[in-house]
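Participant: The following comprises the amino acid sequence and a computationally predicted model.
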Amino acid sequence: MKRPAKVYFAGEAEAAMIVLSVPLSFWGGIDAATGKIIDHSHPDLGRFIAGSILVMPSGRGSSSSSSVLAETIRRGTGPRGIVLAHPDPILTVGAIVAQALYDLRCPIVTCPIGGLHSGDILRISALAPEGAEISLINSAS
Amino acid sequence: MHLSDGDRSMLQGEQGEAARFAMQIVTAFAEAVGAGTLLDISRAHIDGCLYHGEVSLDFVERLVANGGRVRVPTTLNVGSLDLIHPDLVHLPAEEQQPAERLMRAHEALGCQPSFTCAPYQTLFRPAFGEQIAWGESNAIVFANSVIGARTNRYGDFVDLCCAVTGRAPAWGLHLDSGRRGQVLFRLSGFPASQAPTDSLFIAIGLIVGQRSGERIPVIQGLPTPRDEDQLKALGAAAASTGSVALFHAVGITPEAATLADAFVGGAPAETIVVTPADVAEALAELSSAPAGHPLTAVCLGTPHFSRAEWDRLLVLLRQARPTRPVPIYVNTGRSVLQQLEEKGAFRNLTGWRLIPVADTCTYLTAVLEKLDGVVMTNSGKWAHYAPGNIGVRVAFGELEDCVASAAAGRVVRGVA
């Protein structure tokens, strides 16, 4: 499976997906030290996003989410890449700053997210604005 | 993207390394959101004073080290510390030190040490139509919706880069085309004499936040609010459960004199009917503690209490008689607090344990003496975030109920 994607922050990444059914605010929603989801109102409370491709409908809530995303990237507790159904400028800023300060890239793309499942390996190929895509590498199930 | 001569000059480093670094981030962000150009801003509000880890300091201290200065009047959002009452925050030294360093580093860039999440209720309130770059979700939604100033949701970092360059990407809510209503929330089934209670405005905010997605909501059928603090509470709730940066309330907010104005002649993509049952359900989700349950504390002032909110509270405190009082923490801006202290507003509050908190907020940092138990609040935002942030159980209620509960040391409802 391959799907064209729109690039919000360029880069490449490949990892197992964590697919969230509802948006998550990084601030108040993620513990930066561990990458654990701590938002009590979120159905995925207690899961870890570290080293994943994080897939969710959109970002949500606080404008502090930029810092929390950048801090998780710095610590290695954050996602390797993010796939959203709808763009989120606040998460984009977190990725831009992590790259500007530490030269660490967490690509962010948007595309339809239906049919993506947690645990499956997804590759984000988004080095250039044109021809960016996500591709399913293998299916865990 | 079209850049002005000044933008290019900054990008090429002709105006110093800090301006170059900041302009690089502003332009990268502008490209990511598809803005064709940048525009001048007249103010900024920076949400970078909360210490989220080393990245916070690495970023600001890089700007300071490279000679950065803000180019427009710039206010600061809350930090992790109360610099006015340093003993209030029980942070270990290794957390206190970087948090204070971060707040001071922002001052070194020329930002005003306002440390409030309600800059719109200070001397730095923007005017209708002003182009500004603001961080802090409740401030963004208030500036856009209640005042009619224009800002997108600027996250940490980019807000400061806009302040250092005086420029912001010309897209979204900065433009007429980006401010048109898209989804209609119609209140239905409420009595004609529906009272404008705080909890009604908060519940509508929670529902609008949950169901708007990325669309701009228009709310029809709200009673006339008692004051702008009710719209502040609505916006803060909507920006907690969702990513709302602008709402229009028909007949109430400045860009929505009529339904047609709010949609700029267009039609809503969807109409969502909101009933009294929806409101009751939204409020029930905020509270995990029943009436009668013993209380640990009451937390007010999220967003920071305005002068008008203090005036309401102080009247209630003087009317009630505390029997088994628990602490009442009230977050507020240091400038509001100073005005109240100069007036002697806290004199003769015998029996109460009133604890004003400045520069920070009780759901962010270690202020509360005890976290094991139930904390009552009148804030939808506090009730939404505190269980995750500081691990408390929450009882939500009107301000009158919060005061009665603080007096009795247990959850009291139905006073108002």
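Facilitator: Sure, I can see it. What you are looking at is a predicted structure, and each value in this text was computed from that prediction instead of being measured.
Participant: Just to check, B:Thr75 is in contact with B:Gly110?
Facilitator: No: between B:Thr75 and B:Gly110 there is no contact under Cβ atoms under 8 Å: 11.5 Å. C-beta: built from backbone N, CA, C; applies to glycine.
Participant: Between those two, point out the one with more neighbours.
Facilitator: Using other Cβ atoms under 10 Å in any protein chain shown, the more surrounded residue of B:Thr75 and B:Gly110 is B:Thr75, with 25 against 15.
Participant: Tell me which stretches of chain A form strands.
Facilitator: Assignment of strands within chain A using DSSP state E yields the ranges A:2-4, A:6-9, A:11-19, A:30-31, A:36-37, A:53-56, A:81-84, A:108-110, A:121-126, A:133-138.
Participant: quick one: contacts of the lowest-mean-pLDDT helix or strand in chain B?
Facilitator: Here the helix or strand of chain B ranked lowest by mean pLDDT, DSSP states H and E is helix B:380-390, holding a mean of 89. Residues from elsewhere that reach helix B:380-390 (Cβ atoms under 8 Å, 6 or more residues apart in numbering or on different chains): A:28-29, A:38-41, B:138, B:202-203, B:205-206, B:233, B:236-237, B:239-241, B:286-288, B:299, B:302-303, B:362-364, B:366, B:368, B:371, B:375, B:377, B:392-394, B:396.
Participant: number of nearby residues for B:Arg353?
Facilitator: Quick note: B:Arg353 (other Cβ under 10 Å) scores 14 neighbours.
Participant: Contact partners for A:Ser139?
Facilitator: Contacts for A:Ser139 (Cβ under 8 Å, 6+ apart) come out as A:117, A:120.
Participant: mind redoing it with 7 Å?
Facilitator: A:Asp120 (Cβ atoms under 7 Å, 6 or more residues apart in numbering or on different chains).
Participant: Mind listing what's buried along stretch B:69-80?
Facilitator: By 16 or more other Cβ atoms under 10 Å in any protein chain shown, the buried positions in stretch B:69-80 come out as B:69-80.
Participant: now the top strand by length along chain B, how far from the centre of its chain.
Facilitator: If you go by DSSP E, chain B has its longest strand at strand B:295-305. Mean C-alpha position of strand B:295-305 versus that of the full chain (Cα atoms, centre = their mean, to the nearest Å) differs by 14 Å.
Participant: Run me through the strand neighbours of it, direction for each.
Facilitator: Partners of strand B:295-305 in the sheet, by DSSP bridges, are strand B:328-332 (parallel), strand B:374-377 (parallel).
Participant: Adding mean neighbour count and mean pLDDT, write the ones you listed out as JSON lines.
Facilitator: JSON lines is the format used below for the strands paired with strand B:295-305 (neighbours: other Cβ atoms under 10 Å in any protein chain shown; pLDDT from 0 to 100):
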{"stretch": "strand B:328-332", "mean neighbour count": "25", "mean pLDDT": "97"}
{"stretch": "strand B:374-377", "mean neighbour count": "27", "mean pLDDT": "96"}
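Participant: could those go into a markdown table alongside distance to B:Ile355?
Facilitator: Below are the strands paired with strand B:295-305 laid out as a markdown table (distance: least, Cβ to Cβ, whole Å):
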| stretch | distance to B:Ile355 |
| --- | --- |
| strand B:328-332 | 5 |
| strand B:374-377 | 13 |
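Participant: what residues does chain A put near chain B?
Facilitator: A:8-9, A:28, A:32, A:38-40, A:58-68, A:70-71, A:74, A:86, A:89-90, A:92-93, A:96-97, A:100-101 (Cβ under 7 Å from any Cβ of the partner chain).
Participant: do that again at 8 Å, thanks
Facilitator: Contacts of chain A with chain B, taken as Cβ under 8 Å from any Cβ of the partner chain, map to A:8-9, A:23, A:27-29, A:32, A:38-41, A:58-68, A:70-71, A:74-75, A:86-90, A:92-94, A:96-98, A:100-101.
Participant: So for the chain, which residue is the most central one in space?
Facilitator: The chain I'm using is chain A. For chain A, the residue nearest the mean C-alpha position is A:Ile82 (2.2 Å; Cα atoms, centre = their mean).
Participant: Not quite, go with chain B.
Facilitator: Short answer for chain B (Cα atoms, centre = their mean): B:Asn138, at 2.9 Å.
Participant: which secondary structure element contains that one?
Facilitator: Following DSSP states H and E, one finds B:Asn138 within helix B:137-142.
Participant: Could I get the CA-only coordinates of stretch B:320-328 as CSV?
Facilitator: What follows is stretch B:320-328, C-alpha atoms only, in CSV (Å, rounded to 0.1, in the frame of the first residue of the first chain):
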residue,chain,number,x,y,z
ALA,B,320,-19.9,33.6,53.7
ARG,B,321,-18.8,32.3,57.1
PRO,B,322,-16.0,29.8,56.9
THR,B,323,-16.5,26.9,59.3
ARG,B,324,-14.0,24.3,58.2
PRO,B,325,-12.1,26.3,55.5
VAL,B,326,-9.8,24.7,53.0
PRO,B,327,-7.2,26.8,51.0
ILE,B,328,-8.6,28.8,48.0
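Participant: If you count neighbours, what's buried in it?
Facilitator: Residues of stretch B:320-328 classed as buried: B:320, B:322, B:325-328 (neighbour count, 16+ other Cβ under 10 Å).
Participant: And the closest residue to chain A within the stretch 151-300 of chain B, how far from B:Ser4?
Facilitator: Residue nearest to chain A within the stretch 151-300 of chain B: B:Gly155 (3.4 Å; Cβ to the nearest Cβ). Distance of B:Gly155 to B:Ser4, given as Cβ to Cβ, to the nearest Å: 24 Å.
Participant: Any stretches of chain A with poor pLDDT?
Facilitator: For chain A, the stretches flagged by pLDDT under 70 are A:61-63, A:140-141.
Participant: what's across from A:Lys6 in the sheet?
Facilitator: Beta-bridge pairing for A:Lys6 (DSSP bridges): A:Thr110.
Participant: Next, count neighbours for it.
Facilitator: Neighbourhood size, A:Lys6 [other Cβ under 10 Å]: 14.
Participant: Please verify my assumption that it contacts A:Thr110.
Facilitator: Yes: the criterion here is Cβ under 8 Å, and A:Lys6 meets it with A:Thr110 at 4.8 Å.
Participant: and for these two, which residues touch both?
Facilitator: Contact criterion Cβ under 8 Å, 6+ apart; residues bridging A:Lys6 and A:Thr110 by contacting each: A:Pro87.
Participant: Output the contacting helices and strands for the longest helix seen in chain A.
Facilitator: Under DSSP state H, the helix in chain A containing the largest number of residues is helix A:89-102. With contacts defined as 3 or more Cβ pairs under 8 Å, 6 or more residues apart in numbering or on different chains; DSSP states H and E, helix A:89-102 has these neighbours: strand A:6-9, helix A:65-75, strand A:81-84, strand A:108-110, helix B:17-33, helix B:54-65, helix B:158-165.
Participant: Deepest-packed of the ones you listed, please.
Facilitator: Comparing the helices and strands packed on helix A:89-102 by mean neighbour count (mean count of other Cβ atoms under 10 Å in any protein chain shown), helix B:158-165 comes out on top with a mean of 31.
Participant: Good, wrapping up.
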